[in-house]
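In: how would this look folded up:
(6 chains)
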Protein chains: 4
Amino acid sequence: MSDPIPEDTADAPAGLTARNAARTRQAIIDAATGEFAALGLGGARIDAIAARAGLNKRLLYYYFGNKEALFQAVLERAYQNIRSAERELRLDEIDPVEAIRRLVSFTWHYYVKHPEFLTLLNSENLHQAAHLKNSAQIQAMNSPLIQSLDQLLERGRAAGLFRGGVDPLQLYISIAALSFFYLSNRHTLSVVFGRDLQSPKAEAQRLSHMTELVLGYVLR
Amino acid sequence: MSDPIPEDTADAPAGLTARNAARTRQAIIDAATGEFAALGLGGARIDAIAARAGLNKRLLYYYFGNKEALFQAVLERAYQNIRSAERELRLDEIDPVEAIRRLVSFTWHYYVKHPEFLTLLNSENLHQAAHLKNSAQIQAMNSPLIQSLDQLLERGRAAGLFRGGVDPLQLYISIAALSFFYLSNRHTLSVVFGRDLQSPKAEAQRLSHMTELVLGYVLR
Amino acid sequence: MSDPIPEDTADAPAGLTARNAARTRQAIIDAATGEFAALGLGGARIDAIAARAGLNKRLLYYYFGNKEALFQAVLERAYQNIRSAERELRLDEIDPVEAIRRLVSFTWHYYVKHPEFLTLLNSENLHQAAHLKNSAQIQAMNSPLIQSLDQLLERGRAAGLFRGGVDPLQLYISIAALSFFYLSNRHTLSVVFGRDLQSPKAEAQRLSHMTELVLGYVLR
Amino acid sequence: MSDPIPEDTADAPAGLTARNAARTRQAIIDAATGEFAALGLGGARIDAIAARAGLNKRLLYYYFGNKEALFQAVLERAYQNIRSAERELRLDEIDPVEAIRRLVSFTWHYYVKHPEFLTLLNSENLHQAAHLKNSAQIQAMNSPLIQSLDQLLERGRAAGLFRGGVDPLQLYISIAALSFFYLSNRHTLSVVFGRDLQSPKAEAQRLSHMTELVLGYVLR
DNA sequence: CATGAATGAGGTTTCATTCAT
DNA sequence: GATGAATGAAACCTCATTCAT
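Out: Take a look at the predicted model:
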């Protein structure tokens, strides 16, 4: 986005070409992410993406083939990023209650910092996950969190802290839901309920509420 | 939404031939609801809406002016419908625990039966609620549920059943979130987790999980 | 334009109907004159004319058949009006020099007061006078001015005041041209010459210049 | 305006196949000039312009953005052309009387050879000079004639030939008016006065009349 | 590798006009 | 006489994509 390729690269030695190709690809994906996130798959414009990237439109086709393939590449990058962040969480290293807090907090803050992830997912769902179904890469990226959560719930139960019988997938979906819906729907919710849901204070209250909700459920 | 046009008119010579403004308007809104829900605001085609309604394209402009105004009319109708359904809930007439169950169940089933509501809202959020902000009608339609839930929480607390300090708006948003996210994101979730989330059994499990989650939180 | 027909006229006795018909016709022509003058034949909108007249669009077709015929009727009315005004001039009753002054002044002020006449004529010329060629009425309306001017020039010549050999039609066209062009082109002229040509002072200067120009020519 | 594209290109396979931006731009302006001149801004059709130019309709938008911007470009070209022709006049090199004759004659013949200039200006005036006001280019193109005429009038006055106190702008407008109105309104004038104003003889008479009129005024 | 020029299909919207009551 | 509802054609404009260099 911010790094248009300098003029002289056209004459650069072959050794640098590969690096520039990667940089160009990344610039396109960055620009496309912004455009797709802001306007959806249908609303995004190839011209606008090229302009955002400071690149010729033809290059998008050279690197990605067409708009849908570019969208898929954007999704793949977005999933890489979140999976990468998820791997930083070390839920098995801390006590169960703290681990639940950390998971809720992580989910919330990841969505807050990556609002494009929300709209990209909404777009993909509108298209019934057609691009995900087409991406072996994404399907191979298992989230480590389900297993972590499973172990965590078992640890908590064994320690007599947590209730039993909790499906980790259901709980994970619920934790995601609580943050995702609030942030994704904040525009309509703010209008419908006439309350500012985007102030720092409102956001702090939301995180607190979600944490209590989840803990209230898992704690015996 | 639910077939205001009697069946027998559907068999009339060439779609809607009768000169009936109210019926024509409704037919356009019904067709537009389907199209917008399936493809989003940007992806929807005026031609397709006209074809769905069996009407001349020109009429959409005669009645609504342009695509965005039609989208707004569709949203207004969708909110009318859900508010109307919400008014049927009589949370104050039953015991608090049962009332919470009913609220979770209602929310879930309403979304299940009206999947278009989910995608319309996602579209509107993508556009940052521009049409809601433009609609005095929707802004005047207060949901009765926040107040009902507030009273319900207080009744439960007074009876020594529920915890105190629960913000009814936060809880309402959470209840909506748990259903909305699951249903709205089921396509991507199914692919990502490799699990069928749409089977009747899966849906029953989801409802059960959500109910326990919410009750686990509110009950002392 | 300013007289929408009162509600009760629909029930009025037959005797009044004819008068109402005439009034309705006139209202349509007034409205159409304004619209055609402002936007040209191509730019005028039937809907807008109906709205200006406060009448149902269908009535325009009832009374005039189609847009072009309405335009023709507007032109006919415009020519009736100017011919009628021209007949008020009594150039033969005053002395030749004064008569020239009066003719120049009349032409100028008529155009100033009836700017719609200028744009209607421009529209008609763009269409190569198709409607005038179609109107027996307009072709039958001879301007009295050519003959008046002819006699006037002869009177002046006989009195030793005016030069001979002046073609009254050429002179009449010139007198019209001097006012018409200035007023019709004032928007572009003002921009191109960076001078306000529409102020009262500028208009007075124009009239003075034109009068001197014409008199300078005809006087020996 | 006058065929910048060499003849032989016109015979190329499918109109303009060569990828030549300047030539394409010019071809569009030429075609648009004809269409706008014949039908006005409102009556002109983008499709027709593209067909006249033998180009894909999309290109008009590629180069000019929209219809109004294209119209502005056409106006700009038209003013460039007339200013360029005006600069060829050397009014300061000949004697004052001859110079007046030349100015009247030039104005007349320019309009005769460039009838599109008349209708374009009428269109622009109908739109109240909106495009001229938007064109810094046109506003920067001062006509050299006002100054030339000013000097010329002074030369004539100093030589005791011309009257004093003549406003060169008023006189210039009058000279333009005499030709412009006659040519612009010849269709309606011919019908109204039942006289052929377009024959070579009629045109010669007009030029003669105008010259005498102007000289009759300026000469002492 | 990179780019400005070009395109066909199709999108939203407008328009004069007619229908049915 | 009068009117709201309805229509087919066509207008302007946009878009993803490809061509030629």
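
In: Now residue A:34: which helix or strand?
Out: helix A:14-43 (DSSP states H and E).

In: packing partners for that helix?
Out: helix A:46-53, helix A:57-64, helix A:67-86, helix A:115-126, helix B:21-43, helix B:115-126 (3 or more C-beta pairs under 8 Å, 6 or more residues apart in numbering or on different chains; DSSP states H and E). In this view, the C-beta of every residue, glycine as well, is placed from N, C-alpha and C.

In: which one of those lies closest to DNA strand E?
Out: helix A:57-64 (2.9 Å; C-beta to the nearest atom of the strand).

In: Show me the domain layout of chain A.
Out: A:1-65, A:77-218 (automatic domain parsing).

In: touching DNA strand F at all, the last one?
Out: The reference is to domain A:77-218. No. Applying C-beta under 7 Å from any atom of the strand, one finds domain A:77-218 separated from DNA strand F by no less than 13.1 Å.

In: what's the first-to-last distance across that domain?
Out: 33 Å (C-alpha to C-alpha, to the nearest Å).

In: for chain A, what helix or strand is lowest in average pLDDT?
Out: One helix or strand of chain A scores below all others by mean pLDDT, DSSP states H and E: helix A:14-43, with a mean of 83.

In: and residue A:179, what is it in contact with?
Out: A:104, A:107, A:108, A:111, A:210 (C-beta atoms under 8 Å, 6 or more residues apart in numbering or on different chains).

In: Identify the residues contacting the fourth one.
Out: Yep, that's residue A:111 we're talking about. Contact analysis of residue A:111 by C-beta under 8 Å, 6+ apart lists A:117, A:118, A:179, A:180, A:183.

In: Then the first one?
Out: Contacts for residue A:104 (C-beta under 8 Å, 6+ apart) come out as A:175, A:178, A:179, A:207, A:210, A:211, A:214.

In: any idea which element it lies in?
Out: Going by DSSP H and E, residue A:104 is in helix A:96-113.

In: one step back: output the helices and strands packed on helix A:14-43 in a markdown table, with distance to residue B:151 appended to each entry.
Out: Listed next are these as a markdown table, based on distance: least, C-beta to C-beta, whole Å:
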| stretch | distance to residue B:151 |
| --- | --- |
| helix A:46-53 | 49 |
| helix A:57-64 | 55 |
| helix A:67-86 | 40 |
| helix A:115-126 | 33 |
| helix B:21-43 | 33 |
| helix B:115-126 | 25 |
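
In: sorry, back to before: report the angle between the helix holding residue A:34 and helix A:67-86.
Out: 100 degrees (axes from the mean of the first three to the mean of the last three C-alpha atoms, to 10 degrees).

In: between helix A:14-43 and helix B:115-126, how big is the angle?
Out: Using the same axes, to 10 degrees: helix A:14-43 against helix B:115-126 is 120 degrees.

In: one step back: show me which pair in the contacts of residue A:111 is furthest apart.
Out: A:117 and A:179 (11.0 Å; C-beta to C-beta).

In: which residue packs closest to the residue nearest in space to the middle of chain A, ignoring adjacent ones?
Out: Central residue of chain A (C-alpha atoms, centre = their mean): residue A:117, 3.8 Å from the mean position. In space, and not counting its chain neighbours, residue A:117 is closest to residue A:78: 5.5 Å by C-beta to C-beta, 6 or more residues apart in numbering or on different chains.

In: Thought residue A:120 was touching the one you found, still the case?
Out: Yes. The pair residue A:78 / residue A:120 is scored as a contact, 5.5 Å apart, by C-beta atoms under 8 Å.

In: Could you tell me which residues touch both of these two?
Out: What both residue A:78 and residue A:120 touch, as defined by C-beta under 8 Å, 6+ apart, is the set residue A:33.

In: before we move on, the earlier item: close to DNA strand F, is the least confident helix or strand of chain A?
Out: No. Contact between helix A:14-43 and DNA strand F is absent, the nearest approach being 7.8 Å (criterion: C-beta under 7 Å from any atom of the strand).

In: Could you list the buried residues of that helix?
Out: By neighbour count with 16 or more other C-beta atoms under 10 Å in any protein chain shown, helix A:14-43 contains the buried residues A:24, A:27-43.

In: thinking again about what came up before, residue A:78 and residue A:120: which has the busier surroundings?
Out: Neighbours per residue, other C-beta atoms under 10 Å in any protein chain shown: of residue A:78 and residue A:120, the larger number sits with residue A:120, 24 against 21.

In: and the closest residue to chain D within chain A, what does it touch?
Out: For chain A, the residue positioned closest to chain D under C-beta to the nearest C-beta is residue A:47, at a distance of 11.2 Å. By C-beta under 8 Å, 6+ apart, the contact set of residue A:47 is residue A:57.

In: try residue A:99
Out: A:91, A:92, A:152.

In: could you dump these to CSV with neighbour count and distance to residue C:20?
Out: Formatted as CSV, the contacts of residue A:99 follow (neighbours: other C-beta atoms under 10 Å in any protein chain shown; distance: C-beta to C-beta, whole Å):
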residue, neighbour count, distance to residue C:20
A:91, 21, 86
A:92, 12, 91
A:152, 25, 86
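
In: just to revisit the earlier point, just the closest of the contacts of residue A:111 to residue C:138, please.
Out: Closest approach between the contacts of residue A:111 and residue C:138, by C-beta to C-beta: residue A:118, at 68.9 Å.

In: ok, and for stretch A:104-111, which residues are buried?
Out: Those would be A:104, A:106, A:107, A:108, A:110, A:111, for stretch A:104-111 by 16+ other C-beta under 10 Å.

In: Convert the C-alpha atoms of it to CSV, please.
Out: These are the backbone C-alpha positions of stretch A:104-111, laid out as CSV (Å, rounded to 0.1, in the frame of the first residue of the first chain):
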residue,chain,number,x,y,z
VAL,A,104,-12.1,-13.9,25.5
SER,A,105,-9.8,-10.9,25.6
PHE,A,106,-7.7,-12.2,22.7
THR,A,107,-10.7,-12.8,20.5
TRP,A,108,-12.1,-9.4,21.3
HIS,A,109,-8.9,-7.5,20.7
TYR,A,110,-8.1,-9.4,17.5
TYR,A,111,-11.4,-8.3,16.0
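
In: thinking again about what came up before, so which of the helices and strands packed on helix A:14-43 comes closest to residue D:85?
Out: helix A:46-53 (40.3 Å).

In: could you give the angle of the closest one to helix A:57-64?
Out: Using the same axes, to 10 degrees: helix A:46-53 against helix A:57-64 is 90 degrees.

In: Counting neighbours, show which residues of helix A:46-53 come out buried.
Out: A:48, A:49, A:50, A:52, A:53.

In: Mind putting the contacts of residue A:99 into a markdown table with distance to chain D?
Out: Listed next are those as a markdown table, based on distance: C-beta to the nearest C-beta, whole Å:
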| residue | distance to chain D |
| --- | --- |
| A:91 | 55 |
| A:92 | 59 |
| A:152 | 59 |
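
In: can you narrow those residues to ones near DNA strand E?
Out: Applying C-beta under 7 Å from any atom of the strand to the contacts of residue A:99, none is adjacent to DNA strand E.

In: Mind picking the one among those that's closest to residue C:187?
Out: residue A:91 (74.3 Å).

In: How about the contacts made by that closest one?
Out: Residue A:91 sits next to A:99, A:102, A:103, A:145, A:148, A:149, A:151, A:152 when contact means C-beta under 8 Å, 6+ apart.

In: Name the nearest residue to residue A:194, ignoring sequence neighbours.
Out: residue B:139 (7.6 Å).

In: Output the below-cut-off pLDDT ranges for chain A.
Out: A:1-19 (pLDDT under 70).

In: Show me which positions of stretch A:78-96 end up buried.
Out: Within stretch A:78-96, judged by 16+ other C-beta under 10 Å, the buried ones are A:78, A:79, A:82, A:86, A:89, A:91, A:96.

In: mind checking how far that stretch is from the chain centre?
Out: Remark: stretch A:78-96 is offset 13 Å from the chain centroid, using C-alpha atoms, centre = their mean, to the nearest Å.

In: Just the C-alphas of that stretch, formatted as PDB.
Out: What follows is stretch A:78-96, C-alpha atoms only, in PDB (Å, rounded to 0.1, in the frame of the first residue of the first chain):
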ATOM      1  CA  ALA A  78      -6.500 -13.100   6.600                       C
ATOM      2  CA  TYR A  79      -6.700 -16.700   7.900                       C
ATOM      3  CA  GLN A  80      -2.900 -17.000   8.000                       C
ATOM      4  CA  ASN A  81      -2.800 -13.900  10.100                       C
ATOM      5  CA  ILE A  82      -5.300 -14.900  12.600                       C
ATOM      6  CA  ARG A  83      -4.000 -18.500  12.900                       C
ATOM      7  CA  SER A  84      -0.600 -17.000  13.400                       C
ATOM      8  CA  ALA A  85      -1.900 -14.800  16.200                       C
ATOM      9  CA  GLU A  86      -3.700 -17.700  17.800                       C
ATOM     10  CA  ARG A  87      -0.500 -19.600  18.000                       C
ATOM     11  CA  GLU A  88       0.900 -17.000  20.300                       C
ATOM     12  CA  LEU A  89      -1.700 -17.700  22.900                       C
ATOM     13  CA  ARG A  90      -0.400 -20.200  25.500                       C
ATOM     14  CA  LEU A  91      -3.600 -21.200  27.200                       C
ATOM     15  CA  ASP A  92      -2.000 -24.300  28.600                       C
ATOM     16  CA  GLU A  93       0.600 -22.400  30.500                       C
ATOM     17  CA  ILE A  94      -1.700 -20.500  32.800                       C
ATOM     18  CA  ASP A  95      -4.500 -21.400  35.200                       C
ATOM     19  CA  PRO A  96      -7.900 -22.300  33.700                       C
END
